[in-house]
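K.L.:
sequence isn't available, so here's the structure alone:
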């Protein structure tokens, strides 16, 4: 990337990623827990709170346990013997009639909901390629100023994506542990970093989007 300052042109090279394939790192690391396998390893992993299935279904599980406790208490302590027999008859009747409900049809709705959730997560990821093609089409010109403008707009957008991914991805956080590493990587200039430090909000992700919008308007 090039930038003109005081009549001089400075060039910063962004390191290219290693083309060698690497194994994907887990967001929550369980290597220490599974380093030695014993009879209680599965139970230990099952009871791990961070990134576990319990954390995902805690609200539903709590509601189900409370509902079960209420029904159990009403059946055992509040109902008479005749009411308990009627309750048992109704439970058996509903259990028999349950086979008439097409379980495959219900699972189809469930699978559709799960797939839509994953698809929405994928579509909400900001891909720079689409914006880069739009910038290359709308910001015309073959001179040096037009090229620098296009590169700067894309650099700001990539920088915004890096700032977001630093908060949700451990791999990106290890690659760019500090804001100074963004300057070393060529995504940010020193004067721009000083302006970001002066920003009142703690999250300056939209700082670069505003920069890009300003450059497009100019």
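P.N.:
Alright, I've got the coordinates. Being a predicted model, the structure only gives us computed values, none of them experimental.
K.L.:
CA only for contacts and neighbour counts going forward, please
P.N.:
Fine.
K.L.:
residue 84 contacts residue 75, doesn't it?
P.N.:
Yes: under the contact definition of C-alpha atoms under 8 Å, residue 84 touches residue 75, with a separation of 6.5 Å.
K.L.:
phi first, then psi, for the residue nearest to the spatial centre of the chain.
P.N.:
Nearest residue to the geometric centre of the chain (C-alpha atoms, centre = their mean): residue 168, 6.1 Å. Main-chain dihedrals, residue 168, degrees, to the nearest 10: phi -120, psi -10.
K.L.:
and if you look at residue 163?
P.N.:
Here is the backbone geometry of residue 163 (degrees, to the nearest 10): phi -60, psi -40.
K.L.:
circling back: state the pLDDT value of the residue nearest to the centre of the chain.
P.N.:
Looking at residue 168, its pLDDT reads 81.
K.L.:
any idea how the protein splits into domains?
P.N.:
41-101, 127-217 (automatic domain parsing).
K.L.:
which of those domains has the highest mean neighbour count?
P.N.:
domain 127-217 (a mean of 15; mean count of other C-alpha atoms under 10 Å).
K.L.:
and the helix or strand harbouring residue 110, how far out from the chain's middle?
P.N.:
Secondary-structure assignment from DSSP states H and E places residue 110 in helix 103-123. Helix 103-123 has its C-alpha centroid displaced from the chain centroid by 18 Å (C-alpha atoms, centre = their mean, to the nearest Å).
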